[in-house]
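Peer 1: Provided below are the primary sequence and the corresponding predicted coordinates.
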Amino acid sequence: MNKVKEKLRNGGTVMVFNPNFPSAALAEHAGALGFDVAFIDCEHGPASFERAEELARAARAAGITSLLRPWTADRAIITRFLDCGVGGIQFPGVETAAAAREAVEMVRTARGKRFDDTLVVVMIESTKAINNLPEIVAVKGLDAVVIGLSDLARDLGHAGENQHPEVRRAVDRIIGIIHQADGAVAGFNLHLWEEGRELKKQGVRWFTIHAKTMLARGARELESLLK
């Protein structure tokens, strides 16, 4: 059994590390820091198929799972990335239950008997997705449903205003629907760490932490200490 799936099954909280920079050494180090998943972003950034393979191998060496976000849900692309050894796929911009089912079936077809050890995650990033969310979270085979906050804010007409009241209400609604469904867990990209405790109380059990955020906070704290 995949350790992440087992952790979710036992009611645990999964910590995902987004290295932001496609460094195999950094992905491997995430395991030593206590993270459960190393995120490989091929929707943004320069990571190639070969680099994705290296990052997935580094994650395995650290005893953690790799999760890759592709730039497209094209079946051939998804299959090729899974053949590179990644431990799961995070599908961006999923707006309907049909799209969620297709995502699950793509991974199932590509992985065969190993499907049960492979993560399938979808992202909610629009009003249309929110309206269809009860049907999306009912799809069997999903492990997590992650809120794409920046794209969601843009779709709601508040680009760059992730803390806008309308955006926050939408986030609360999404978390509530996912939590009540008792299937896939709710996920959140945690840029403001102070929000984590309250989000966890609401039912979020999948947090993505960015290396850029960690570096920025560390730099600010260091500057403050040295003053």
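Peer 2: That came in fine, so what should we check first?
Peer 1: ok, and the closest non-adjacent residue to residue 185?
Peer 2: residue 205 (4.2 Å; Cβ to Cβ, 6 or more residues apart in numbering). For glycine as for every other residue, the C-beta is placed from the backbone atoms N, C-alpha and C.
Peer 1: what do you get for residue 212?
Peer 2: Using Cβ to Cβ, 6+ apart, the nearest residue to residue 212 is residue 20, at 4.8 Å.
Peer 1: need the contact list for that neighbour.
Peer 2: 41, 45, 210, 211, 212 (Cβ atoms under 8 Å, 6 or more residues apart in numbering).
Peer 1: pLDDT score for residue 182?
Peer 2: Per-residue pLDDT puts residue 182 at 85.
Peer 1: on that earlier part again, which of the contacts of residue 20 has the most neighbours?
Peer 2: residue 41 (23 neighbours; other Cβ atoms under 10 Å).
Peer 1: confidence score at that one?
Peer 2: On pLDDT, residue 41 comes in at 97.
Peer 1: list the beta-bridge partners for it.
Peer 2: Beta-bridge pairing of residue 41 under DSSP bridges involves residue 69.
Peer 1: all helices for the protein, in order.
Peer 2: 3-9, 24-32, 49-61, 75-83, 97-111, 127-131, 133-137, 149-155, 165-181, 196-202, 211-226 (DSSP state H).
Peer 1: for residue 91, find the nearest of these.
Peer 2: helix 97-111 (4.6 Å; Cβ to Cβ).
Peer 1: list the buried ones in the closest one?
Peer 2: 97, 99, 100, 101, 102, 103, 104, 106, 107, 110, 111 (16 or more other Cβ atoms under 10 Å).
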